[in-house]
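In: sequence and predicted structure below; questions after.
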Amino acid sequence: MPVICVQGLRRLNGEIWIQGSKNAVLPMMAASLLCRGTVTIANVPLIEDVFCMLEILRTLGCRCDLREHVLTVDARDAVGRPVPEEACRSMRSSIMLLGPLLGRFGAAQIWYPGGCSIGSRPIDLHLGALRSLGAQIVVEGEQIRAQASGLHGARLRFPYPSVGATENAVMAAVASEGTTRISGAAREPEIEALCDFLRTLGAGISGIGSGTLTVTGGSLLHGGSFTVPGDRIVAGTYLGAALTAGGELLLRGAPEGQMGAALAAASRMGAEIAVEPCSIRIKMTGRPRPVSLTTEPYPGFPTDLQSVMLAAASVAEGDSFIRETVFEERFSTAKELRKLGAHIIINGGTAAVEGRWPLCGGSVSGRDLRGGAALAVAGLAAEGTTFVDGYAHIRRGYEDICGDLAGAGAEICLEDIDRRKEHGAL
Ligand code: EPZ
């Protein structure tokens, strides 16, 4: 696997086209199993998690074609086979198949999902919701076997607004006889996108965008077309890059309406931000100002941008405080940032960051998708060369992080691992 190689202390200047949203497209792909017609999804990001879901859909007998960011899925001849263990383990979103498989075939056999190591990530809320809709679920070791002789509508109440459990519940409810009311639902924009997608295919869903969703279900969906919105987390990563490295970026295709908390944090840190429909311009002169923020479910500050803010805070002019409330292990990136000279002290769920400029180059390892991207961003503010390992995680969610940042003035590329020896980094 190649490593990311960054020569720091170059200011950014240019445009980046923001790819389609990973966390929006993955449940849509799973939901395609509920359709008897062909589904066409445009603006699909070409990332590993999408390729993995594509493989699973093919294993289940769907005819899929992905060309130039446009995906078609024809699930007419799909069959209710067990989902292969390896595919389930390679990404969290494999759990999204549980609701659609039950809805379509009345049975599902999958494995505990894998994905980023950012916390314990239980699936009790998913299983509880599906049981309330009439599924019998047996968990044996790592295997999950579910069946239902006809799902039925129910009243569901989530004690915590889990994104994935809300999505699974919505997809199963679409195939359930009668009406399902989901309260305590997560309100992330990706859920709104999934509901809009399902409505395009004939589902009856109201309350979209709120914490209470009402789904009228009972029949399979028809085909249709949908365009995936831009990825708010990728756009937020590049916002973080501009804060960290300085300069001016135009983020085209950024879903500015979904990024209120990230934009507010960036302007508190000293960025000048101009928002236009479907694009964001950010200008950053000087070092970032320190920031205090807490990650929360939407519309709060997203946990997926915590690591990149940790990188930006590491070069701020003063002390920042970042509190993580969603995933308990998301601060593992701090250990790697310290190797680049960052001063971060973790106390429980809060990171206290004493800003320093510049950081210093070194070899670091990304252990999760967003943490890896944050380390590449930190390298932009480091003197000398920074090597970031863990590209296998990063490419699960970023189509071309190096190409994007290099096109905007950064000196960053993917290098063969042996080149590190030449640089004396191994
Ligand atoms: C989704 O994960 C995203 N993944 C994550 O994106 C994102 O960080 C997260 O939502 C929060 O915004 C996808 O959409 C594919 P949750 P998900 O269920 O659905 C607890 C990225 O980098 N919980 O909302 O797994 C859980 O432990 C990522 O793109 C339960 O207790 O998140 C966590 O503390 C990684 N029981 C909290 O809820 C459950 O059954 C939020 O998890 C489910 C969750």
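Out: The structure has been received and is ready for your questions.
In: and the nearest residue to Pro161 once chain neighbours are set aside, which of the three is it?
Out: Excluding the flanking residues, the one nearest Pro161 by C-beta to C-beta, 6 or more residues apart in numbering is Ala186, at 3.8 Å. Backbone N, C-alpha and C define where each C-beta goes, glycine included. Classification of Ala186 by DSSP: H, G, I helix; E, B strand; the rest coil places it in coil.
In: ok, Ala186 - how many residues close by?
Out: Using other C-beta atoms under 10 Å, Ala186 has 21 other residues around it.
In: pretty sure Thr386 contacts Gly379?
Out: Yes: if you go by C-beta atoms under 8 Å, Thr386 and Gly379 touch, sitting 3.2 Å apart.
In: in the chain, where is pLDDT below threshold?
Out: 115-117, 119, 417-426 (pLDDT under 70).
In: top helix in it by residue count?
Out: helix 232-245 (DSSP state H).
In: ok, back up a step: overlap in contacts of Thr386 and Gly379?
Out: Ile4, Val6, Gly8, Leu340, Gly361 (C-beta atoms under 8 Å, 6 or more residues apart in numbering).
In: shouldn't Leu102 be in contact with Leu127?
Out: No: applying C-beta under 8 Å as the test, Leu102 and Leu127 come out as separate, 11.2 Å apart.
In: follow-up on the earlier one: tell me which other helices or strands the longest helix of the chain touches.
Out: strand 12-17, helix 22-31, strand 247-252, helix 260-268, strand 279-284, helix 306-313, helix 369-379, helix 401-406 (3 or more C-beta pairs under 8 Å, 6 or more residues apart in numbering; DSSP states H and E).
In: for these, give me CSV that also has distance to the ligand and mean neighbour count.
Out: Putting the helices and strands packed on helix 232-245 into CSV (distance: least, C-beta to the nearest ligand atom, whole Å; neighbours: other C-beta atoms under 10 Å) gives the following:
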stretch, distance to the ligand, mean neighbour count
strand 12-17, 18, 18
helix 22-31, 3, 26
strand 247-252, 18, 21
helix 260-268, 12, 19
strand 279-284, 19, 22
helix 306-313, 9, 30
helix 369-379, 5, 30
helix 401-406, 13, 22
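In: tally of neighbours for Tyr9?
Out: If you look again at residue 9, you'll see it is Leu, not Tyr. Counted with other C-beta under 10 Å, Leu9 comes out at 18.
In: look up how far Gly355 lies from it.
Out: Noted for Leu9: a distance of 16 Å to Gly355, by C-beta to C-beta, to the nearest Å.
In: now the helices for the stretch 1-150 of the chain?
Out: Under the criterion DSSP state H, counting those that start in this stretch, helices of the stretch 1-150 of the chain are mapped to 22-31, 48-59, 85-90, 98-105, 124-132.
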